[in-house]
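Enquirer: sequence and predicted structure, then a few things I'm wondering about:
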Amino acid sequence: MKLVIAVVQDKDQRKVTDALLEKGYKFTNIATTGGLLREGNVTFLIGVDEDQVDDVIEVIGTHSKTREQLVNVFPPTIEPIGTCIPNPVKVQVGGATVFVLNVERAEKL
């Protein structure tokens, strides 16, 4: 058995959830926050058989897309606020980060 952990941007959460349910996968999702942009994510915990891992990853990848977003990057400085007005920078956000772990034992109680 494998545990698939997938971190998906909030904007893609509904599409990924619907697609996983449509395929019959059971999962738990947890609201999380990303580090760099401090934006909302959802972390999916999906227990599957080894032969289902590629299908789960394909479903997640199909329904979580990267996109560009403008963000203001503030330089680390000790100068007073207002002395430097940052220009917005384009960054890629979205997509999914997926981890696959071995599970020695799983039980439904």
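Expert: Arrived safely. This structure is a prediction, so every number in the text was calculated from the model and none was measured. Residues are numbered from 1 along each chain as shown.
Enquirer: could you use CA atoms for every contact and neighbour count after this?
Expert: Noted.
Enquirer: for the protein, which spans come out with low pLDDT?
Expert: The chain contains residues with pLDDT under 70 at 35-38, 67, 69-86, 89, 91-94.
Enquirer: who does the one helix or strand Lys15 maps to touch, helix- and strand-wise?
Expert: Secondary structure assignment for Lys15, by DSSP states H and E: helix 13-22. Helix 13-22 sits against helix 53-63, with contacts defined as 3 or more Cα pairs under 8 Å, 6 or more residues apart in numbering; DSSP states H and E.
Enquirer: next, the angle helix 13-22 makes with the helix it packs on.
Expert: 150 degrees (axes from the mean of the first three to the mean of the last three Cα atoms, to 10 degrees).
Enquirer: what sits up against helix 53-63?
Expert: Outside helix 53-63, the residues that touch it by Cα atoms under 8 Å, 6 or more residues apart in numbering are Lys2, Val4, Ala6, Asp12, Lys15, Val16, Ala19, Leu20, Gly95, Ala96, Val98.
Enquirer: at 10 Å instead, please
Expert: 1-8, 12-20, 23, 25, 44, 46-48, 95-100 (Cα atoms under 10 Å, 6 or more residues apart in numbering).
Enquirer: kindly report the same for stretch 10-18.
Expert: Contacts of stretch 10-18 (Cα under 10 Å, 6+ apart): 7-8, 20, 22, 24-29, 31-33, 39-44, 59-66, 94-96.
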